[in-house]
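S.K.: return atomic coordinates for the entry below.
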Amino acid sequence: MAIPTFAGIGLLQNVFATSFDTNGNYDKVIILNFDDGRLSQYTNAKPVLDKYGFKATFYVVCNYIGKKPGYMDWNEIETLHREGHDIGSHSMDHVHLEKLPKKDIEYQVGESKICLQKHGINVTSFAYPFDGGSDDKTVVDIVAKYYDLARSGNDALTYLKCNSPNVQPRQTDCRTYTDGNDLTYANRYTVRAWSQSQDAAPAENKISDSIMVDKFIRVVNSQTKYNNAGTIKAIPIIIYHRVGDNREGIYNIDMKQFDTQMKYLHDNGYKVLTMADLGYNEQGNYLYIKDLKSGTEQPGENVTAPTVAPTAPATNATTNVTTPTVAPTAPATNATTNVTAPTVAPTGNPILDTLKQLFGLK
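M.R.: Okay, here's the model as predicted:
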């Protein structure tokens, strides 16, 4: 929708740039992911998320749901979805996609989307099992047929223009392929995330909670050098697996540490998002936050402009835009009907007064 030019366009742009009521100062965002659909994510992580008002993306393995001990059932998955959490696909059987023939990749990737759709969940993103296959053209091309985005690892930040300074030669956008038909390091089907499980140790050689919390804080704050004045250019995406599951130490975060991390996000004003909040600009080839202007993302349709006084009469206003009522600057010469003129006292008639005097009339 074209928006006519008027005074206050700067204000309009600020509105787009400061969604989430940030007043232009919202620089800290984060996306939380939970992989595999483990039961502890529902029984242990969800109450903590609820306490702090956070939503997350849960990547589930369809053939595990309600079938494998230690994993969620459909009632729990559907409850997460109904309560506003984002559900993503993590394949049918959690296998190494890059090791499969093409028809089996199609099944693992495509059927898992259909599996979730049968339960009223329209998934838009995919997570590669074992982070495998994101550098395989066959796998990526099949994923691209079914999903808007796909997530891999293992970087502390996702750069919305895929222009990580740590990757050389440095990318300038998020195109999937280079001009030489090679896969790029970061693109919409290889959205980078950090799994703290890969930095953790088994229970018998456990890293202290304070060290892991410090690492978490460094990772989530690594965005501050890129984000300022309400413009977001880089986002940390954090992956969890087991939460408070004491049966196995690997890939597990204990409850105290998890609560500490979530409390840190809450107390320090982080906006917690899901993967569903990420969009992709096809023309500019970059990622953006759907409800927040990021980088050079421009406002789209369905946005209501604030009412401001025009500096000049609009000659080609678009439809559905209401012109504010302003007081006329000159008297109207062609008054419409149903306008009542004010009553004023007569000033007298000189001719009639003269006749009265001549004929002695009162």
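
S.K.: show me where the stretch 201-350 of the chain has strands.
M.R.: With strands called from DSSP state E, counting those that start in this stretch, the stretch 201-350 of the chain shows them at 234-235, 237-240, 242-243, 252-253, 271-273, 278-281, 286-289.

S.K.: need the least confident one among these, by mean pLDDT.
M.R.: When those are compared on mean pLDDT, strand 252-253 scores lowest, with a mean of 90.

S.K.: what strands flank it, and is each parallel or antiparallel?
M.R.: For strand 252-253, the paired strands and their directions (DSSP bridges) read strand 242-243 (parallel).

S.K.: how far does stretch 62-81 stretch from one end to the other?
M.R.: Stretch 62-81 has its terminal residues 15 Å apart, counting by Cα to Cα, to the nearest Å.

S.K.: which residues does that stretch contact?
M.R.: 36-42, 46, 58, 60-61, 87, 89, 91-94, 111-112, 115-116, 119-121, 245, 247 (Cβ atoms under 8 Å, 6 or more residues apart in numbering). (Each C-beta comes from the backbone N, C-alpha and C, glycine too.)

S.K.: mind doing that once more with 7 Å?
M.R.: Outside of stretch 62-81, the residues within contact range by Cβ atoms under 7 Å, 6 or more residues apart in numbering are 37-39, 42, 58, 60, 87, 92-93, 112, 115-116, 119, 121.

S.K.: buried subset of these?
M.R.: 37-39, 42, 58, 60, 87, 92, 112, 115-116, 121 (16 or more other Cβ atoms under 10 Å).

S.K.: low-scoring stretches of this protein, by residue?
M.R.: Low-confidence segments of the chain (pLDDT under 70): 1-26, 197-208, 248-249, 292-362.

S.K.: ok, the buried ones among the contacts of stretch 62-81 vs residue 175, which is closest?
M.R.: Proximity to residue 175 was ranked across those by Cβ to Cβ; first place goes to residue 112, at 25.8 Å.

S.K.: the closest one in helix, strand or coil?
M.R.: At residue 112, secondary structure determined by DSSP: H, G, I helix; E, B strand; the rest coil is helix.

S.K.: quick one, what contacts it?
M.R.: Residue 112 is in contact with 62, 89, 91-92, counting by Cβ under 7 Å, 6+ apart.
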